[in-house]
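Chemist: Below are the sequence and a predicted model; questions follow.
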Amino acid sequence: MEVNLSLNGARATEFDGDKVYELGQETAVVAIFVGTLMKGLRGQPSYLTGTSACRWYINDFQIPAIQEYYNM
């Protein structure tokens with residue numbers, strides 16, 4: 001399943017996309033985004049939006065769901 005993600009405001013500038021890309025060149029990347037909203041218009045792909053409430057956890061193996069998915 002593919003979902004586009006859009007971060008707005010200051011949170012968008014805090015996301016280090018280059019770092020995630022580099023990590024993805026070495027290993028699988030499993031990310032959980034919390035505090036997001038699913039949006040979409042009829043006939044358009046759905047996407048997530050995140051504002052100041054949004055947090056992300058990338059390859060954070062202290063979170064069991066990330067470890068489990070990564071092991072698959």
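Modeler: Received the coordinates, thanks. Numbers count the residues shown, from 1 in each chain.
Chemist: So what touches the top strand by length along the chain?
Modeler: Ranked by residue count, the top strand of the chain under DSSP state E comes out as strand 47-58. Residues outside strand 47-58 that contact it (CB atoms under 8 Å, 6 or more residues apart in numbering) are 3-11, 15, 20, 23, 29-40, 63, 66. For glycine as for every other residue, the C-beta is placed from the backbone atoms N, C-alpha and C.
Chemist: ok, now stretch 26-33?
Modeler: 5, 20, 23, 48, 50, 54-60, 63, 65-66, 69-70.
Chemist: List the backbone torsions phi and psi for Ser46.
Modeler: Here is the backbone geometry of Ser46 (degrees, to the nearest 10): phi -70, psi 150.
Chemist: Isn't it up against Met38?
Modeler: Yes - counting by CB atoms under 8 Å, Met38 is a contact partner of Ser46 at 5.8 Å.
Chemist: So those two - more neighbours on which side?
Modeler: Ser46 (12 against 9; other CB atoms under 10 Å).
Chemist: How about the contacts made by that one?
Modeler: Per CB under 8 Å, 6+ apart, neighbours of Ser46: 3-4, 38-40.
Chemist: Asp60 too?
Modeler: Asp60 touches 32, 66, counting by CB under 8 Å, 6+ apart.
Chemist: That one in helix, strand or coil?
Modeler: coil (DSSP: H, G, I helix; E, B strand; the rest coil).
Chemist: shaky segments in the protein?
Modeler: 1-3 (pLDDT under 70).
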